[in-house]
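Asks: Give the three-dimensional model of this entry:
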Amino acid sequence: MNIVIAIVGVVVSYLLGTVPSAIMVARSKGVDITTFGSGNPGASNVGRALGTKWFIVVFLLDAAKGAVPVFISAVALDNRPMAYVCGAAAILGHVFPVTRRFHGGKGIATGGGVLLPLHPPVMIGAVVFWLLAAKVSKKASLASIGVVPLVMVALAVKGTAAWELLSLVGLGVLIEIRHLPNLKRLFSGTEHDVSHGS
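Replies: Residues are numbered from 1 along each chain as shown. Have a look, this model is predicted:
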């Protein structure tokens, strides 16, 4: 692939990741999501503020930010390594958006979007696990923290190529690090339920 095209692809993927889906959706309903609950501009916090329907809308929008560049790279251009690079750029854009002084979301939905075109069955299983874990525990953060290692185990069992697995582990570690404040609140018993601000 031409180096210029590759660079453009990475930059566009990062910029796509910076699109503040949660902020835009919440603002359209008269809510400043950065001052509600945890202040995190993500699907879970929007769900707490506006309900399940808007959680789904933001989740799909955030997932699309990861899925679109990966799909174009992996399927349309048939370049799997480039797909991982663009997927990582999209996640970094979501987590560290230059448009918001590098204060972004946690990366779960965008990461899921990256996974979808690359490993569809694993992604579907991850969504089912997340929904069940969130319903049983009533903690969106606990479901998010738990789904990452589960995905890595599933990919390893599936026989995923080592370079792909290592790439996804790196992204998974970033997502887990972003959830450290939630983990601290879980241990202290101050993490709120799915339906409440945290």
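
Asks: correct me, but residue 67 touches residue 118?
Replies: No. Counting by Cβ atoms under 8 Å, residue 118 is not a contact partner of residue 67; they are 9.5 Å apart. C-beta coordinates here come from the backbone N, C-alpha and C atoms, glycine included.

Asks: Which residues are in contact with each of those two?
Replies: By Cβ atoms under 8 Å, 6 or more residues apart in numbering, residue 67 and residue 118 have no common neighbours.

Asks: What ranges does this structure have for its helices?
Replies: Along the chain, the stretches classed as helices by DSSP state H are 3-17, 21-28, 43-50, 52-71, 80-95, 108-118, 120-137, 140-158, 162-178, 180-188.

Asks: if you compare the ones you listed, which one is most tucked away?
Replies: Of all these, helix 108-118 has the most neighbours on average by mean count of other Cβ atoms under 10 Å, namely a mean of 26.

Asks: What helices and strands are in contact with that helix?
Replies: Using 3 or more Cβ pairs under 8 Å, 6 or more residues apart in numbering; DSSP states H and E, the elements in contact with helix 108-118 are helix 52-71, helix 80-95, helix 120-137, helix 140-158, helix 162-178.

Asks: Would you mind putting those into TSV with mean pLDDT and distance to residue 6 alongside?
Replies: Shown next, in TSV, are the helices and strands packed on helix 108-118 (pLDDT from 0 to 100; distance: least, Cβ to Cβ, whole Å):
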stretch	mean pLDDT	distance to residue 6
helix 52-71	96	12
helix 80-95	97	6
helix 120-137	95	25
helix 140-158	95	25
helix 162-178	96	16
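
Asks: Just tell me which of those helices ends up closest to residue 18.
Replies: Across the helices and strands packed on helix 108-118, the minimum distance to residue 18, taken as Cβ to Cβ, is reached by helix 80-95, at 4.4 Å.

Asks: what does the closest one rub up against?
Replies: 1, 6, 9-11, 13-18, 62, 65-66, 69-74, 104-107, 110-111, 113-114, 117-118, 163-164, 167, 170-171, 174-175, 178.

Asks: That one vs helix 21-28, what angle?
Replies: Here helix 80-95 runs at an angle of 40 degrees relative to helix 21-28 (axes from the mean of the first three to the mean of the last three Cα atoms, to 10 degrees).

Asks: I'd like the numbering to begin with 52 instead of 1 from here.
Replies: I'll keep to 52 as the first residue from here, and by that count the last item is helix 131-146.

Asks: tell me the angle helix 131-146 makes with helix 103-122.
Replies: 140 degrees.

Asks: Could you tell me the angle between helix 131-146 and helix 54-68?
Replies: Using the same axes, to 10 degrees: helix 131-146 against helix 54-68 is 30 degrees.

Asks: what about residue 217, distance to residue 133?
Replies: For residue 217, the distance to residue 133 equals 16 Å [Cβ to Cβ, to the nearest Å].

Asks: Take the helices and strands packed on helix 159-169 and lay them out in CSV including distance to residue 79.
Replies: CSV is the format used below for the helices and strands packed on helix 159-169 (distance: least, Cβ to Cβ, whole Å):
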stretch, distance to residue 79
helix 103-122, 9
helix 131-146, 19
helix 171-188, 25
helix 191-209, 22
helix 213-229, 25
